[in-house]
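1. Build me a model:
(5 chains, ligands or ions: 4)
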Amino acid sequence: MSAGRWLVRAASLAAALGLWQLLTSLDVELWLRFGQFPTVGEVASAFGDRLGTAPYWQDLGYSVRRIVIGFLLAAVLGVAAGTAIARSRWAADLLGPLMEVARPIPAIALVPVAILLLPSNEQGIVFITFTAAFFPVLVSTRHAVRALTPVWEEAVLTMGGGRLRVLFSVVLPGALPGIFGGLSVGIGVAWICVISAEMISGEYGVGYRTWQDYTVVDYPGVFVGMVTIGALGWLTSTAVEFLGRRATAWLPRPPERAPSRAVRRTAAPPAVSSPAPALEKEPVS
Amino acid sequence: MSAGRWLVRAASLAAALGLWQLLTSLDVELWLRFGQFPTVGEVASAFGDRLGTAPYWQDLGYSVRRIVIGFLLAAVLGVAAGTAIARSRWAADLLGPLMEVARPIPAIALVPVAILLLPSNEQGIVFITFTAAFFPVLVSTRHAVRALTPVWEEAVLTMGGGRLRVLFSVVLPGALPGIFGGLSVGIGVAWICVISAEMISGEYGVGYRTWQDYTVVDYPGVFVGMVTIGALGWLTSTAVEFLGRRATAWLPRPPERAPSRAVRRTAAPPAVSSPAPALEKEPVS
Amino acid sequence: GGTAGAEDSRTVTVTVGYQSKTINTVTAGTLLRSLGYFEEELAARGKKDGKTYKVKWQDYATGAPITAQMTAGKIDIGSMGDFPLLINAARGKQLGQPTRLVSVTGYNLRGGLNTVVTAPGSHLRSLADLRGRKVSTSVGSAADGTLVRALKKAGIDPEKGISKLNQQPSVGASALTGGSVDALSQFVAWPGQLAYEGKAKALYDGADLNLPTFHGVTVREKFAEKRGGVLDDFLQAQRRATDYLRKRPVAAAESVAEETGVPAEAVYLYNGAHGIATFDPALRPELIAALKKDVPILKAAKLVGDVDVDSFVDPEPLKRATHTPAYPKAGAAKSELWVKGQDSTRTFDSPKQLLKALKGAEVRAAYVPDTLTGTLWYADRAVWVADGSDLRAFVTPSHAKTYVERHTGARVVGYADAVRLAS
Amino acid sequence: MSPTSTASLRQGAELALEDVRLGHHEGQPLPGTVRLRIAPGELVAVLGPSGCGKSTLLRTLAGLLPPLGGQVTQDGSPIGGPAADRALVFQENALLPWRSGRANVELPLTIRRLGREARRNVADGWLERVGLSEHAHKLPRQLSGGQRQRVQLARALAGQPRAVLMDEPFGALDPHTRAGMQDLLVDILRGTGATVVFVTHDVDEALHLGDRIALLPSGEVLTVPHPRQRDARNAPATTGIRRRILTSL
Amino acid sequence: MSPTSTASLRQGAELALEDVRLGHHEGQPLPGTVRLRIAPGELVAVLGPSGCGKSTLLRTLAGLLPPLGGQVTQDGSPIGGPAADRALVFQENALLPWRSGRANVELPLTIRRLGREARRNVADGWLERVGLSEHAHKLPRQLSGGQRQRVQLARALAGQPRAVLMDEPFGALDPHTRAGMQDLLVDILRGTGATVVFVTHDVDEALHLGDRIALLPSGEVLTVPHPRQRDARNAPATTGIRRRILTSL
Ligand SMILES: Nc1ncnc2c1ncn2[C@@H]1O[C@H](COP(=O)(O)OP(=O)(O)OP(=O)(O)O)[C@@H](O)[C@H]1O
Ligand SMILES: Nc1ncnc2c1ncn2[C@@H]1O[C@H](COP(=O)(O)OP(=O)(O)OP(=O)(O)O)[C@@H](O)[C@H]1O
Ligand SMILES: [Mg+2]
Ligand SMILES: [Mg+2]
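-> Ligands and ions are numbered 1, 2, ... in the order given. Have a look, this model is predicted:
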């Protein structure tokens, strides 16, 4: 990407921050009410204070580890289950209904389940993160696999490929763009459930800390948590998108979208005057 | 779908319930610890008790209304924003970074924001539900639009179609399978955040009730909530999937997957004995 | 892992659940942890029996997750308020992990730990004004109990007379700030903290009910039986922490503030020398009696069935563990002035004297007791009444009104006027 | 704007490539440059070995690919992008898979804002002319290869372009259908005077339809002695030029 | 299992259709039934108008479409599904878009568990034979239409099938390249003795390559007098049969 585009992107973020600062420092209250919102300055100074402390980085480390483990599990199992459901009638009939009923169960509602079911709190947290990311990956994979062009599979079948071969040579690579869409959504959903998951924690984690800050109504602290989670989420999802772009490099991608110069629709043709061009042999190349 | 398949599906759910009953009533504790889990019977009786009460149905009504409004908003805006980001460099540069940073922000962390920002509690709840569903829809749409076969757009361009025409005749219909994947994920995520959203409520809502039951550690109540949310989520996502299947009816779909009878790989050929068949004119049809 | 009591033969891990933000439990949580007394006691025990003892501290926002973890056998010792304790007792029994109340952390004999507050600019003057208004509280907490009882006393039907929003305390605080509720009934730390930050003012003082409230320590029965010694150590450590808090209240408050993010001034309001809470591990009979009176309220809200308080309360371990003499019962509160940079406060016999002393002092915080209930409050947030030459402080406007009605010539004055009058 | 009225007003576009360097943004540019002027109403057949750049040439003329060098003009003004003026019949399947054959043919008419009724009538007329009335309701994937090609043809012509760029439009057709389509094309062009650039692998087809034949990559442009006369197939001039083409390819 | 050793062991499959009713599960069945026996090593060309069911026939033979009636057998046993025995060159682009041309050709070899090295050598050999050595690294979308067709051909042949079903494999090729491919095909079949069913629209191609020609939908099967002899093009028997085909279509 060009330097100019990076600039635009940075400017966009800066403008958003500026708007926030403006709205909150002027206590604007036009339908939306910014009066009680912390200003950017307050959040930034709280952020600065936290950045220097060891617990901040400890929280960060814990959360990232939990999310990454949960997400990796979700990626592997989600792709596997999604593919199975899309490809096998038995899997669709046996797993499908269970998955569909389990899918909407709220992350926080899993807090007691995780506490009761799993031997340790860490496992409980990873379990909730996993669940959050698992279903988006599963559903996207299922959709992507179902939408595959059938002729690819047919080609491999006529070469004597079996189910496994079709799976690894056609289904997975062909569904990869859709699967990566699901992974990108999945990592996002894992983060949006990090507070719910870390409610179990009792000790560390960005989500845990944010909720603790909220219990003492420390809004700048809550915003520091939100910003931190936003940044971490951005990093992880950028990593996923980057991998995705590498893995689906075969997809046609417009270079930099060609600016359409000049006329698109030529106006009324000029009067038919130009003489028919010479039809004799012309040099071409 | 055949009656047989419905049977298998029902059996699968029943088996899962049976397993749960077995594990909990025997207090199995092999790594996973079912000892403290409520049994199916306990949950069912709590469920039965609740079903008969008016508040149960009131909660249901509130939650469904909130989710549906939030989801519809998310569907419309998510598809619009996702398409814009995928198609326009400016949109990608201006909105992209903001969206990526805002995307992972936890639903619960939005509780104070929603309360401070929006005039009424209902709006706050819808806002959180909306946010939960918005990003999955956006990301899936963006991926689907980016993966479109370019020749479709080129065809419409050579017919003189402008940007809008390409949008409505190519981009949206072509991305529809992916978009519906995103909508299906989105409605699921909206439900998994219903508790976070309804923390604001203070009065009604399935999510609210479930959390309330948890704050008094009433496990059968929590499970009733989970089952209710599971069922509602299933209904809504089935509706979305159904619409999706209608809208993308043009996709090739295997009939009922043809069971591969007989030989797939013929064994070693029989000894070359069959006489060359008559090459004279044979009747064919 | 948090597998409570998990051990190889040599190592014993004890998991303690606490609520750092509920500062009335600091002697079994935040303060105890930072003082390290429990670890000290266990180390001594370890020297004797050759085992290694480890403590896992887990900090939660409310009592519910602690109870949840206890029923799953993952937390051994937990601390929480009186209503959550009853839920803890009920669920523990129900789920085959019975628990016992073994000590109290802090108490207030009149119920001053719970307060109903409104937004600073609110026009509401008394509890009766709440009729038809939106009030946020947490169902299943002592604050809800206070609200229900107070409304009944004021002749308002707690079900229909107001519109009650059941919210987490922090959600309720946001709702109050955001203006979507008219009042907030909450327990320790929130009212004091919100008032200190200028986000709320007191509307109703829980002490009006004259019913004791407290926080206590609960332990899993199985743990208590298996590791009675460790429990003794805990109670011993708690007692030492209580001693420390009573001896050095300012240092304790500052340490707690540091750990929790609650302003030290708000911590001191509750945990100070004459703070609203009195710290004493003893299971006083009046507290147990009050606990019994709470059961019907929870039952009416269909939150628990019957709770057998007598079998829940177990005074034996405390008797076994502590050998120091009991503390006296909480006495009358006094005015306190906390001057910046000081590690102890000055005490005054009357609010007027405190106001006088304010002049020229670099005040960190000034506290005055309510004339009617004795509940401590910030001098600059209190409602002042000039009665002749005397100056009297009240937590809520309705207290002041009551007083003014009874005393001819008395009138409500602003804080600035009061300060002026005092000198 | 009824289809007939516009048709009579319109006329073929003049297309010109001046020292154009062809290529795709991903690969290397194709060797050599192309210079070619196509008069309004002229039909130029393009012949050349597989992979020599015929499709690239058509896409460049259509405005889909910017030339890597030189200038591409229509009626003297540079071509900056695709336009309804220049229809392209793609070599690959470019039908929208979610639209029936008929709906695909209606597309350019929708773009020209024809009413629902008119659209349908015009589309049905075209589908009948390409022999697909019975298959109009089918989705592209339910059509045979040749049927798809004919739908594409109908779609391109339905837009009444001033220039038609066709990339092997009859490649998947049997001789009989192919002859029918050729006749159709000749008919239409007589009516509208559209300019045609036509890629084919069939030398006889090129000799029958073209006014001139451009040979890629050599760059020779040959004038066809008897364009669009079926009986001229074995005329000596035709045989001579056929031989020249076959050696040249 | 080296490619050469298997090649010499293998021989053509015998394919037979007995009163087969063709069709797709979505549409109506095609009219009539097909009866056709193809001897091992025989090359049958299939001719017929667009949309008559040629592709459907090939897909049925490949085992991709279950027949709606009748029986399809290979060497006497019913065909239950696709198998490596019967390679299909699809009419549409059936290359896997995420694999380069070479990787596509390697696919059947991977399935036959050839080693990495051998796979690459064999694939490169095939790509050279179809004239695409220089384009081996390109993705399908970076190839021209004719190049894609040739990659498909190479891929089908690389699998050393006992029967090759080809759906207009040379449709997008210029005459020169086409002739080369025809020769290649003849060469290969001589070597391996594979059975070939070959859909084409080019009557001369059918007459040159086929042992017999099946005309759809009429059902006639004609024996070619001088198969695979270039000089027999204008022989009287050939001319006669050509005329018959053209009237019959
Ligand atoms: N998207 C692309 N990116 C890079 N190279 C391409 C792309 N498309 C085509 N090419 C290359 O450009 C050259 C010309 O391709 P083009 O499609 O124009 O050939 P053609 O003359 O139409 O051939 P055919 O008769 O086989 O269709 C070929 O070598 C091809 O490999
Ligand atoms: N998937 C499908 N579903 C329904 N009908 C189909 C499908 N595919 C093809 N058909 C129809 O079946 C008939 C035979 O199609 P087929 O593809 O076999 O024709 P073909 O002989 O190969 O024609 P062409 O020479 O144009 O490729 C056609 O009328 C076509 O519209
Ligand atoms: Mg081409
Ligand atoms: Mg076909």
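
2. Which pLDDT value does the model give A:Val43?
-> The model reports A:Val43 with a pLDDT of 90.

3. Just give the number of residues close to it.
-> 23 (other CB atoms under 10 Å in any protein chain shown). Placement of C-beta: from N, CA and C, glycine included.

4. Next: C:Tyr415.
-> C:Tyr415 has 16 neighbours, counted by other CB under 10 Å.

5. quick one: the strands in the stretch 301-423 of chain C?
-> Taking DSSP state E, counting those that start in this stretch as the test, the strands found in the stretch 301-423 of chain C are C:335-339, C:346-348, C:363-369, C:376-378, C:383-387, C:390-394, C:411-413.

6. any weak-confidence spans in chain D?
-> D:1-10 (pLDDT under 70).

7. among the strands of the stretch 301-423 of chain C, which is nearest B:Ile128?
-> Nearest of the strands of the stretch 301-423 of chain C to B:Ile128, taken as CB to CB: strand C:376-378 at 35.0 Å.

8. State the mean pLDDT of the closest one.
-> Across strand C:376-378, pLDDT averages out at 94.

9. who's in contact with it?
-> By CB atoms under 8 Å, 6 or more residues apart in numbering or on different chains, the residues outside strand C:376-378 that reach it are C:112, C:195-196, C:202, C:265, C:269, C:272, C:274-276, C:333, C:336, C:365-370, C:393, C:395.

10. tell me the pLDDT at C:Leu318?
-> For C:Leu318, pLDDT reads 93.

11. Next up, the contacts around it.
-> C:102-103, C:235, C:281-283.

12. about what we covered before: now, of the strands of the stretch 301-423 of chain C, which is deepest in the fold?
-> Counting by mean count of other CB atoms under 10 Å in any protein chain shown, strand C:376-378 has the highest mean neighbour count of the strands of the stretch 301-423 of chain C, with a mean of 26.

13. neighbouring strands for it, and are they parallel or not?
-> strand C:363-369 (antiparallel) (DSSP bridges).

14. possible to save the strands of the stretch 301-423 of chain C as JSON lines with distance to C:Lys293?
-> Output for the strands of the stretch 301-423 of chain C, formatted as JSON lines (distance: least, CB to CB, whole Å):
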{"stretch": "strand C:335-339", "distance to C:Lys293": "31"}
{"stretch": "strand C:346-348", "distance to C:Lys293": "33"}
{"stretch": "strand C:363-369", "distance to C:Lys293": "25"}
{"stretch": "strand C:376-378", "distance to C:Lys293": "24"}
{"stretch": "strand C:383-387", "distance to C:Lys293": "29"}
{"stretch": "strand C:390-394", "distance to C:Lys293": "26"}
{"stretch": "strand C:411-413", "distance to C:Lys293": "34"}
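
15. Tell me which of those lies nearest to ligand 2.
-> strand C:376-378 (80.6 Å; CB to the nearest ligand atom).

16. thinking again about what came up before, of the contacts of C:Leu318, just say which sits nearest to E:Leu114.
-> Looking across these and measuring by CB to CB, the closest to E:Leu114 is C:Val102, at 74.7 Å.

17. what number of residues lie near the closest one?
-> 26.

18. Pull the residues that contact whichever helix in chain C runs longest.
-> Secondary structure of chain C per DSSP state H: the longest helix is helix C:228-247. Residues from elsewhere that reach helix C:228-247 (CB under 8 Å, 6+ apart): C:12, C:14, C:16, C:26-28, C:31-32, C:35, C:37-38, C:40-42, C:44-45, C:53, C:77, C:102-103, C:105, C:217, C:219, C:223-224, C:252, C:271, C:273, C:279-281, C:317-318, C:320-322, C:324, C:327.

19. Could you give me the buried positions within it?
-> Within helix C:228-247, the residues that qualify as buried are C:229-242, C:244-246, counting by 16 or more other CB atoms under 10 Å in any protein chain shown.

20. List the buried residues of the next helix or strand after that helix.
-> Sequence order places helix C:249-260 as the next helix or strand after helix C:228-247, per DSSP states H and E. Buried residues in helix C:249-260, counted by 16+ other CB under 10 Å: C:249-250, C:252-253, C:255-257, C:259-260.

21. Could you check how far the residue in the stretch 1-150 of chain A that ligand 1 sits nearest to is from ligand 3?
-> Nearest to ligand 1, among the residues of the stretch 1-150 of chain A, is A:Thr149, at 18.8 Å (CB to the nearest ligand atom). Going from A:Thr149 to ligand 3 by CB to the ion, to the nearest Å gives 21 Å.

22. correct me, but that residue touches A:Ala175?
-> No - taking contacts as CB atoms under 8 Å, A:Thr149 lies outside contact range of A:Ala175: 10.8 Å.

23. Alongside chain B, which residues does chain D contribute?
-> Applying CB under 8 Å from any CB of the partner chain, we find that chain D lies next to chain B at D:62-64, D:81-88, D:90, D:92-99, D:107-108, D:110-112, D:139, D:141, D:155, D:159.

24. now chain C
-> Near chain B, when you scan chain C using CB under 8 Å from any CB, you find C:62, C:64, C:67-68, C:71-73, C:87-88, C:91, C:95-97, C:136, C:138-140, C:163-168, C:170-171, C:174-175, C:177-178, C:180-181, C:303-304.

25. So which of those residues belong to helices?
-> C:64, C:67-68, C:71, C:87-88, C:91, C:170-171, C:174-175, C:177-178.

26. about what we covered before: show the buried residues in the contacts of helix C:228-247.
-> So, by 16+ other CB under 10 Å, the buried ones in the contacts of helix C:228-247 are C:12, C:14, C:16, C:26-28, C:31-32, C:35, C:37-38, C:41-42, C:45, C:53, C:77, C:102-103, C:105, C:217, C:219, C:223-224, C:252, C:271, C:273, C:279-281, C:317-318, C:321-322.

27. And for the residue of the stretch 1-150 of chain A closest to ligand 1, nearest residue in space, chain neighbours not counted?
-> Distances taken as CB to CB, 6 or more residues apart in numbering or on different chains put A:Gly174 closest to A:Thr149, at 7.2 Å, once the chain neighbours are dropped.

28. For the one you found, give me its contacts.
-> A:148-149, A:152, E:96, E:98.

29. again with C:Lys48
-> Contact analysis of C:Lys48 by CB under 8 Å, 6+ apart lists nothing.

30. What number of residues are in the vicinity of A:Asp27?
-> Per other CB under 10 Å, the neighbour tally for A:Asp27 reads 12.

31. still on that earlier bit, and the angle from the longest helix of chain C to helix C:249-260?
-> Using axes from the mean of the first three to the mean of the last three CA atoms, to 10 degrees, the inter-axis angle of helix C:228-247 relative to helix C:249-260 is 120 degrees.

32. what's the neighbour count on residue 225?
-> As the question left the chain open, I've gone with chain A. A:Gly225 - counted by other CB under 10 Å - has 30 other residues nearby.

33. meant chain C actually
-> 11.
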